[in-house]
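Enquirer: have a look at this prediction, sequence included:
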Amino acid sequence: MITLNINGKLHKIDLPADTPLLWTLRDELGLTGTKYGCGISACGACTIHVDNQPVRACVTPISAAVGKQIVTIEAINQDQIGQKVQDAWLDLDVAQCGYCQAGQIMAATALLKQQPKPNDADIDKAMNGHICRCGTYTRIRSAIKHAAGLEEQA
């Protein structure tokens with residue numbers, strides 16, 4: 001039995017220690033906001049926070065998260081910065097299909113926690129490897145700047 005702290009609640013999980021966090025979240029706990037995209041840590045759709053760091057849940061075993069704080073998209077709005085990021089996504093109509101957006105929001109929130117006023121290079125580095133098939137990268141960058149209070153001039 002493994003105990004995980006997810007979104008501020010303790011969950012006892014009866015799964016093998018090498019089970020990916022993604023499947024534990026989705027299949028065992030019903031937290032389906034974290035998406036499966038590629039299964040090899042290449043697309044970012046499954047990004048969550050483990051001790052405030054963005055982590056790809058598809059390749060992270062549950063054993064690596066024992067004793068740590070796990071936050072998923074379902075609870076990111078409980079964080080002041082996470083709420084600002086979600087609001088910016090809505091204000092700027094970032095999402096098209098929306099499939100990748102949970103991972104994008106999680107990565108953007110982690111960025112703003114570490115770098116409250118990021119420049120374009122900071123954003124590029126933090127968002128590298130987060131794939132949006134709809135191509136909303138320009139709106140994602142604008143939303144990150146909006147959440148940071150760095151309004152772009154038209």
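Expert: The structure has been received and is ready for your questions. None of these values were measured; they are calculated from a predicted model.

Enquirer: tell me the contacts of the residue most central in space within the chain?
Expert: Geometric centre of the chain, nearest residue: residue 106, 2.4 Å, by C-alpha atoms, centre = their mean. Residues in contact with residue 106 (C-beta atoms under 8 Å, 6 or more residues apart in numbering) are 47-49, 54, 72-73, 76. For every residue, glycine as well, the C-beta is placed using N, CA and C.

Enquirer: residue 141 now?
Expert: 120, 123, 127.

Enquirer: report the separation between residue 61 and residue 55.
Expert: 11 Å (C-beta to C-beta, to the nearest Å).

Enquirer: give the residues shared as contacts by the two.
Expert: Listed as contacting both residue 61 and residue 55 by C-beta under 8 Å, 6+ apart are residue 21.

Enquirer: can you pick out the residue with more neighbours from those two?
Expert: Using other C-beta atoms under 10 Å, the more surrounded residue of residue 61 and residue 55 is residue 55, with 21 against 16.

Enquirer: can you tell me, leaving aside adjacent residues, what's nearest to that one?
Expert: residue 48 (5.8 Å; C-beta to C-beta, 6 or more residues apart in numbering).

Enquirer: is the one you found in a helix, a strand, or coil?
Expert: Reducing the assignment at residue 48 to three states with DSSP: H, G, I helix; E, B strand; the rest coil gives strand.

Enquirer: with just CA atoms, put the longest helix belonging to the chain into CSV.
Expert: Secondary structure of the chain per DSSP state H: the longest helix is helix 101-114. Extracted in CSV, the C-alpha atoms of helix 101-114 (Å, rounded to 0.1, in the frame of the first residue of the first chain):
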residue,chain,number,x,y,z
GLN,A,101,-4.2,22.8,-22.1
ALA,A,102,-4.1,21.2,-18.7
GLY,A,103,-0.4,20.4,-19.2
GLN,A,104,0.2,23.8,-20.6
ILE,A,105,-1.4,25.5,-17.6
MET,A,106,0.5,23.4,-15.2
ALA,A,107,3.8,24.3,-16.9
ALA,A,108,2.9,28.0,-17.1
THR,A,109,2.0,28.0,-13.4
ALA,A,110,5.3,26.4,-12.5
LEU,A,111,7.1,29.0,-14.6
LEU,A,112,5.4,31.9,-13.0
LYS,A,113,6.1,30.5,-9.5
GLN,A,114,9.8,30.4,-10.3
